[in-house]
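Chemist: Sharing a sequence plus its predicted fold:
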Amino acid sequence: MADVVAVSAWWTPLAAALLGVFVWGAAAFDGALTAGSRGMGPGGSLTRPLDGVARLLRQRRIVTLSADRLLWRVGGAGLLVAALLMVAVTPLGRWTLSDLDVGVVWFNAMDVAVWAFVWLAGWGANSVHPLVGGYRFLALALGYELPLMFALTAPPIAAHSLNVGAIAGAQGHVWNIVWMPVAFVVYCIGVLGFSLWGGFGAPLASDIAGGVRAELSGVDRLLLDAGRLALLVAGAAFAVPMFLGGGVGPLLPAWAWTLAKTAVLVAALVWAGRRMPVLRPDLLLEVGWLVLLPAALLQDLVVALVAVWVR
Amino acid sequence: MGLTSFLARRATRAARVLVVASPDAFAVRVAAERQVVARGWRLAESPADADVLLHVGRVLGEMGEVAGRLWDELPGPRARVAAEIVAAVPAALDEAAALLLDESLQTADAAGRTPPDVGAAEDDKGMRDGDMGHGDMGDGDMDMDMTMSPDGIALASGSEDDRDGLEMDALPVRLGPVLPHWPAGLVVDATLHGDVIAEASARWVGSGGGSPAADDTRLAARACDDLAALLSLAGRGDLANASTAARDALVDGRDADALRFLGTLRRRIVGSRLLRWTLRRTAVLDADRVRRIGLPPAAAGDCYDRLLTLVDRAEDQAAVTPGAAGPALTLDSLGQALLGLDLGAARLLVASLGTPAGEVVTVHG
């Protein structure tokens, strides 16, 4: 069933550029929603993210006293790298950069690497607010990561494969989201979690002066902000082969359907994140372990039973 | 040259402003915040995030020293401007934009900056181009008689009553006087165990000893501002913007609009189950404790109760002109109320109590 072709690594810059375009779009959409909540029109929303990039490129980077610079910068830049590595195993229609047999595990490994990156970015500044932001992220991650892992397990069980292309191909006309709605919702919560978006923004919240990014300026801040949105986009893009039927759709070619589905999901995640209040870690742990985790496990059980019955 | 000035022009359109406000300059601060938003600029969350340092009202004494330290932490290109009265705000921001665009001035400013005053000098070939203190919001005089202080920063110490018995887990941290969604000029000197507040004492800086009520701007507008701060901290920026719109309407004397905004806002707040869930059981003060530490009776309950109280207060004061002041709140009781809370809950508690007023009293937990 795996009808995905691995393309040459020379296409990587194109994939990165595509990711960049989506990040820009997500930032513009978020800006337009902010303008809307202030009673202003969406005019200029498309160029405003570029102004922000120009500002950060022009701004000097500052260094705190006794900062652990290496780890600080590794953490700040790591989010963008993790997002790119997620995209590397995500097929665009029929093409993929890397047709790994264990693509789902690879994706999961990247989202766990985010733990380290956010913590290092908080730790490295040697300053109290970023450090508290780092604590908060680890506590939140404890709450969302296990449910996310089990949600990621459902589509591979159904497809009898950890290969992302095979999972997309196994769906046919009934998308996974139809009979794995719980796994899909838990997955989306996990995506908001590892991109620190919406209710998962406590590590970057204004009550601790920006938290992890309180001491970041210039290009360091740009990398962290872009990395966070890139993770949101990569998470949405990965949901397309996992839950939304991959490139399946009428009229348009497979790659166009993949992009369209990704765009819709990114917009939905950006919108939903803005409607969520900040989740304090203690609250999320309660929900994550008492509600989301059992729900994801039950979903896996149902999927496993169906998979055994059918084949 | 062309590219540099193009970049500078685009960058200046997205400038971020760190406001250092004197506590008695509510009207000027509101005007400044509105102007910043109207220009498509944004308020900065920390000095590292800021291009412009804006003094609002008369920034004097200790507040002036804090402003000086914050100025050292702006990465640059940077501009420092002041507006003492409402009418001076547009000109101050125009000046800031002009300063940010002045290439030669910014280059000279960058060249003239000195590396940080490091105790154990660590030469990095001039790569340090900022002067950042430990902690970003003005760390005061930390206890320096420690045996080890790398780079002149004292290590955290231990504490007898640390709940988990960790060594080096009592960290003195100063919250305020400049912090997003925090009463301007309020300073809380706290000792943190992890991120839990073990000791706290509150005081005012920057307003010649007076309380914030010295400013006679309408109390209803203040109540809306307090409400916006709490909603922002709770993560609902969209609802906070609605509250800010009500505040601005009150400042402009459009009371009917403000009441309409507040009515809609109340429905949206009550309708959000997630918001209720995150604020319920947060920073609970039972009636007994409220009485014992001397808070007004309306402070009893959790952050969600106090959120609804703030909405009521804003609506009552907007309907009756001029309304009654919010209940007086002493700094002594504020310090006591913070004990045992983590930083996030403490910030929500301070915002949910509304703008406090009172005199300096130190409390030890």
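Modeler: Ah, there it is. Here the structure is a predicted model, which is why all the values come from computation and not from measurement.

Chemist: C-alpha from now on. contacts and neighbour counts both.
Modeler: Fine.

Chemist: Quickly find the element holding the residue in the stretch 1-150 of chain A positioned nearest to chain B.
Modeler: At 3.8 Å from chain B, A:Arg55 is the closest residue in the stretch 1-150 of chain A, using CA to the nearest CA. Following DSSP states H and E, one finds A:Arg55 within helix A:48-58.

Chemist: On the C-terminal side of that helix, identify the next helix or strand.
Modeler: Per DSSP H and E, the helix or strand that comes after helix A:48-58 is helix A:69-88.

Chemist: tell me what that following helix is packed against?
Modeler: helix A:12-37, helix A:103-124, helix A:218-243 (3 or more CA pairs under 8 Å, 6 or more residues apart in numbering or on different chains; DSSP states H and E).

Chemist: Could you rerun that using 6 Å?
Modeler: Applying 3 or more CA pairs under 6 Å, 6 or more residues apart in numbering or on different chains; DSSP states H and E, we find helix A:69-88 packed against helix A:103-124, helix A:218-243.

Chemist: next helix or strand past it?
Modeler: Counting by DSSP H and E, what follows helix A:69-88 is strand A:95-96.

Chemist: now that following strand, how far from the centre of its chain.
Modeler: 19 Å (CA atoms, centre = their mean, to the nearest Å).

Chemist: How about residues contacting it?
Modeler: Outside strand A:95-96, the residues that touch it by CA atoms under 6 Å, 6 or more residues apart in numbering or on different chains are A:4-6.

Chemist: What about those, which are in strands?
Modeler: If you go by DSSP state E, these have A:5-6 in strands.

Chemist: Redo the contacts of strand A:95-96 as TSV? Include neighbour count.
Modeler: Listed next are the contacts of strand A:95-96 as TSV, based on neighbours: other CA atoms under 10 Å in any protein chain shown:
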residue	neighbour count
A:Val4	21
A:Val5	16
A:Ala6	16
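
Chemist: Tell me the residues on chain A that lie near chain B, please.
Modeler: A:37-38, A:51-52, A:54-55, A:59-60, A:62-65, A:127-128, A:207, A:209-210, A:214-215, A:217, A:277-278 (CA under 6 Å from any CA of the partner chain).

Chemist: now B:Ala202, which residues is it bridged with?
Modeler: B:Val188, B:Val361 (DSSP bridges).

Chemist: Just name the most buried of the helices and strands packed on helix A:69-88.
Modeler: helix A:218-243 (a mean of 25; mean count of other CA atoms under 10 Å in any protein chain shown).

Chemist: between the helix or strand just after it and helix A:12-37, how big is the angle?
Modeler: Per DSSP H and E, the first helix or strand lying C-terminal to helix A:218-243 is helix A:254-274. Per axes from the mean of the first three to the mean of the last three CA atoms, to 10 degrees, the angle that helix A:254-274 makes with helix A:12-37 is 40 degrees.

Chemist: So for helix A:254-274, mean pLDDT?
Modeler: Mean per-residue pLDDT for helix A:254-274: 92.

Chemist: Mind checking which of the residues of chain A next to chain B are buried?
Modeler: Buried residues within the residues of chain A next to chain B, defined by neighbour count using 16 or more other CA atoms under 10 Å in any protein chain shown: A:37-38, A:51-52, A:54-55, A:59-60, A:62-65, A:127-128, A:207, A:209-210, A:214-215, A:217, A:277-278.

Chemist: can you tell me how far the residue nearest to A:Leu79 when sequence neighbours are not counted sits from chain B?
Modeler: The shortest distance from A:Leu79 to any non-neighbouring residue, by CA to CA, 6 or more residues apart in numbering or on different chains, is to A:Gly227 (4.6 Å). Distance, A:Gly227 to chain B, using CA to the nearest CA, to the nearest Å: 17 Å.

Chemist: Touching, A:Gly227 and A:Val81? I think so.
Modeler: No: in terms of CA atoms under 6 Å, A:Gly227 does not count as a neighbour of A:Val81; the distance is 7.6 Å.
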